[in-house]
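**Student:** A predicted structure for the sequence below; I have some questions about it.
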Amino acid sequence: MTGGTVGIDGNSICIGGAGAMSCVEWTRAAIYLGAVIALLALVLGVLLWDALRTTTPSRAAARANRHATLASTIGVVVMVVLLTWVFGGVALGVWPRDGRVLAVLPALAGASLLVAQAVGQLTWPRPSGAHREAELVSRTVADVTPLWPRRMVFAWAGTALALLAVFALVADGPRSLTQGTGRFAEPIGPYPGWYYGLPMSLAIVATVTATELVLRLITLRPAVVGVSVDWDLHLRRRSAGHVTRGIQLVLAVSTAGILVAAGWVHLALGRDAYPLESGGYGVTGSPAQQHLGAGLMVLAVGVLLAGVVMAFVPLRRGQRDASAPDALAVPS
Amino acid sequence: MRITVDLDSATPQYEQIRAQVVALITAGALGEGERLPTVRTLAADLGIAPGTVARAYRELESAGQVATRRRVGTVVTAPTRSPGRTDEIARELVDTARREGISGPDLLDLVRSALLAPPNARAAE
């Protein structure tokens, strides 16, 4: 984006550098920006509500609550901005020129969340003073991580990798399927072959690995002084929940993107236009390809909805033990 | 179960940890098979070097109080002793010392001096 400029041209706003200017109508740009701001307001509202309902029994607890909230807020805001760029770019036609960058953009959004959380955990206030205390209680990553969001991280990652492998095998070229035969053969893309599949697979594996490392950091960070074990565990579970919910959403978006790209190409394969003798064009093609394409599109919408639901819908109380415990101050 | 470490104490930090874990096992607060936090977890919570906690765990392991198992971590292996007459007298001793204003370290010095005395001398008293 070096040397990029923003200009106004009549009813449009133009973004880009020399030779690569993308222009969007004011009204569409305003709708997009409004949607981004509304989404950010919703996400920030949920995060702040989650932070405010946590009772803080001491100044150290209040400071820890603020620290955890700040890390989550910065990470989630950057993640949402990058994710909305994926959707906004597609809707407005303003996207990175290299399709591989667009393909790994959801993973970059996830990386921003993970980096913010990692910095938050690494800068967690250390115990101070000559008199130190600790609960003699073991805790593991499984203890601090909500079960279902973590499962969904692995489920979406596994699904995305399997889909990329299948589509890479099915593809006729690095990033296309071929329509017609002989001299009428025409490549149709972008199809999620190995050209997109390789960087996406690496990004997905890196995202899952980094997620596990960040969850380990959350588990190992020093306990908050002067609060009960349950309160400290609640704060850890909240941070781990933000990480796993955000990352599963990012991976769901990646999975949905793979399905949309493949579905679009299969739909195109099922609708082959040919010139009519009477003039104009007729449409022919394979109904099977059309059904496959439509099925993949429907599946993509389902995956996206499931990811959004898992990101926002609170878990039942039984599934998140130690949630919002009473303010139990432990005398030191 | 809370353990404390005094960084200004003359007693080494690993010894403070070891002694408190032994006391918790002896008192029955830590039962056989119970898991201790990992070295890194306890070190992070106490804000001390992981090597210090590791040394305390090694000392406990060599005394047969705990065992480190792959995948499970460090678990208590010493069986909880059933409380007897000595436990009762120990509690009475602590209560008496508190009433007389004797501090914890001074009481421990008294017990150590009593342990140094020959058994027959104590019996003669």
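**Tutor:** Done, it's in. Residues are numbered from 1 along each chain as shown, chains lettered A, B, ... in the order given.

**Student:** helix/strand/coil for residue B:29?
**Tutor:** Following DSSP: H, G, I helix; E, B strand; the rest coil, the label given to residue B:29 is coil.

**Student:** Domain-wise, how is chain B divided?
**Tutor:** B:13-76, B:85-124 (automatic domain parsing).

**Student:** For residue A:55, find the nearest of those.
**Tutor:** Among those, the nearest to residue A:55 by CB to CB is domain B:13-76 (21.7 Å). The way it works is simple: take the backbone N, C-alpha and C, and place the C-beta from them, glycine included.

**Student:** now check the one helix or strand residue A:237 maps to, is it near chain B?
**Tutor:** Following DSSP states H and E, one finds residue A:237 within helix A:229-269. No - taking CB under 8 Å from any CB of the partner chain as the criterion, helix A:229-269 and chain B are apart, separated by no less than 9.2 Å.

**Student:** Comparing the domains of chain B by mean pLDDT, which bottoms out?
**Tutor:** Mean pLDDT per stretch puts domain B:85-124 lowest among the domains of chain B, at a mean of 84.

**Student:** does chain A sit close to that domain?
**Tutor:** No - Domain B:85-124 lies apart from chain A when judged by CB under 8 Å from any CB; the minimum separation is 14.4 Å.

**Student:** And that domain, how far out from the chain middle?
**Tutor:** With CA atoms, centre = their mean, to the nearest Å as the basis, domain B:85-124 stands 16 Å off its chain's centre.

**Student:** pLDDT score for residue A:320?
**Tutor:** Reported pLDDT for residue A:320: 48.

**Student:** sorry, that was for residue A:1
**Tutor:** Looking at residue A:1, the pLDDT reads 39.

**Student:** Next, the contact list for the spatially most central residue of chain A, please.
**Tutor:** With the centre of chain A defined as its mean C-alpha position, the nearest residue by CA atoms, centre = their mean is residue A:250, 1.7 Å away. By CB atoms under 8 Å, 6 or more residues apart in numbering or on different chains, the contact list for residue A:250 reads A:79, A:83, A:106, A:107, A:109, A:110, A:113, A:207.

**Student:** Chain A: helices as residue ranges?
**Tutor:** Using DSSP state H, the helices assigned to chain A run over residues A:26-52, A:59-92, A:99-122, A:141-144, A:147-170, A:194-220, A:229-269, A:287-312.

**Student:** now the domains of chain B as CSV including mean neighbour count and distance to residue A:134?
**Tutor:** Listed next are these as CSV, based on neighbours: other CB atoms under 10 Å in any protein chain shown; distance: least, CB to CB, whole Å:
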stretch, mean neighbour count, distance to residue A:134
domain B:13-76, 18, 4
domain B:85-124, 10, 20
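
**Student:** JSON lines for those domains, including distance to residue A:100?
**Tutor:** Below are the domains of chain B laid out as JSON lines (distance: least, CB to CB, whole Å):
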{"stretch": "domain B:13-76", "distance to residue A:100": "38"}
{"stretch": "domain B:85-124", "distance to residue A:100": "67"}
